[in-house]
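[1] Here's a sequence, model it:
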Amino acid sequence: MKTNPKTPAEALADRITARLEREKLLAEDRVSRFSAALASGKLKAGDWRLAIEAVKPKAKPSTE
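    Now for the predicted structure:
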C-alpha cells in the first residue's frame, strides 16, 4: 500500500509545529489541527495568537 507523499506545504507545516511544540509554544493537543490549518493556508494572525496564548507558562514559585 502506497502512502501519498507530503506536499512541501505539509512538510514545512510539520517542521514549524514540531518546533513550536518543542519550545512549549504550542499545546500537544493542538499540533495536528494547527499543522493542517497552516499547511492549507487557513491560519490568520488571531489563530496564531490564540494558539500561543493557550499555552500558559507555569508560574515560578515566589522567593518572598
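[2] Next up, the contacts around Ala27.
    Applying Cβ atoms under 8 Å, 6 or more residues apart in numbering, we find Ala27 in contact with 21, 51, 54-55. Yep, even glycine has a C-beta here, placed from its N, CA and C like the rest.
[3] so how far is Ala45 from it?
    According to Cβ to Cβ, to the nearest Å, Ala27 and Ala45 sit 19 Å apart.
[4] now the longest helix belonging to the chain, how far from the chain's geometric center?
    Of all the segments assigned as helix in the chain under DSSP state H, the longest by residue count is helix 8-22. In terms of Cα atoms, centre = their mean, to the nearest Å, the centre of helix 8-22 is found 7 Å from the chain centre.
[5] and the gap between Trp48 and Thr7?
    For Trp48, the distance to Thr7 (Cβ to Cβ) stands at 21 Å.
[6] what do you get for Arg22?
    Going from Arg22 to Thr7 by Cβ to Cβ gives 23 Å.
[7] one step back: most neighbours of all the contacts of Ala27, which one?
    Among those, Ala51 has the most neighbours (other Cβ atoms under 10 Å), with 21 neighbours.
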